[in-house]
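K.L.:
what would the 3D arrangement of this be:
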Amino acid sequence: MKPPVIETFLLKLDDSLRWTGIPTRVSAQMSGAPIERKHRPLRWIPIWPVAFSCALFILSLTLPFALDLVELASALVAIVMAMAPVIHMQGPLGRPSYEDDEREAALRKDSFLFCFGLLACLNCLGQPFLVILAVLQHWHAAKSVVVAISALMLNVTLFQNLPTLYASWNLQALPKE
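P.N.:
Numbering: from 1, shown residues only. Down below sits the predicted model:
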């Protein structure tokens, strides 16, 4: 006897759903199997790029005669900034936001709001301070450009590493069962 058309259609739909892998993920979560989590808190690693960028910014402000040293340091910071996406992907915010549960979504929101708030305060206070400093100390164009580039590198480094750093320090460990 030939199966009805509706049953074959439903079997094809079931097969197409199994192809996505969703049923196995749901059954693994419902069975209580331990979920493998490759994203872990990175509490100290994101501090290094921020420290290098801050050192470059302070170096560009304090040593106007060391332009070659600042260029070398900016190359090092650029290399360190290239590692920031790797740091972000290994951290607690490394997976896509659509996979977040409520706790992780709140952590992601809080970490980005902290990052944006801190960057807004630093830029709103720091840029007028740098303009006043440039006028009072009679900076040449080369020094102004070096300070602006180092400030931009500091902003980019903070934007890339602060959310991961904030989320890592606020992420509470789940109890081991």
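K.L.:
and the longest helix that the chain contains, what other elements does it pack with?
P.N.:
Secondary structure of the chain read by DSSP state H shows that its longest helix is helix 102-137. Here helix 102-137 touches helix 141-170, going by 3 or more Cβ pairs under 8 Å, 6 or more residues apart in numbering; DSSP states H and E. Heads up, the C-betas are built off the backbone N, CA and C, glycines and all.
K.L.:
quick one, the helix it packs on and helix 102-137 angle?
P.N.:
160 degrees (axes from the mean of the first three to the mean of the last three Cα atoms, to 10 degrees).
K.L.:
tell me which other helices or strands helix 141-170 touches.
P.N.:
helix 47-62, helix 67-82, helix 84-90, helix 102-137.
K.L.:
buried ones in the shortest one?
P.N.:
In this case it means helix 84-90. A84, I87, H88, Q90 (16 or more other Cβ atoms under 10 Å).
K.L.:
now do the second one
P.N.:
Using 16+ other Cβ under 10 Å as the burial criterion, the residues of helix 67-82 that qualify are V70, A73, S74, V77, V80, M81.
K.L.:
that one versus helix 141-170: what angle between them?
P.N.:
30 degrees.
K.L.:
could you do the longest one as well?
P.N.:
Direction vectors for helix 102-137 and helix 141-170, defined by the same axes, to 10 degrees, enclose an angle of 160 degrees.
K.L.:
quick check: buried residues in helix 102-137?
P.N.:
If you call a residue buried by 16+ other Cβ under 10 Å, then helix 102-137 has these buried ones: E104, L107, R108, S111, F112, F114, C115, L130.
K.L.:
tell me the mean pLDDT for that helix?
P.N.:
Average pLDDT, helix 102-137: 92.
K.L.:
and that helix, how far out from the chain's middle?
P.N.:
Relative to the chain's own centre, helix 102-137 is displaced by 15 Å; criterion: Cα atoms, centre = their mean, to the nearest Å.
K.L.:
what does stretch 125-135 contact?
P.N.:
Stretch 125-135 is contacted by residues L61, W139, K143, S144, V147, A151 when judged by Cβ atoms under 8 Å, 6 or more residues apart in numbering.
K.L.:
looking at these, which one is closest to G21?
P.N.:
Closest approach to G21 among these (Cβ to Cβ): A151, at 46.1 Å.
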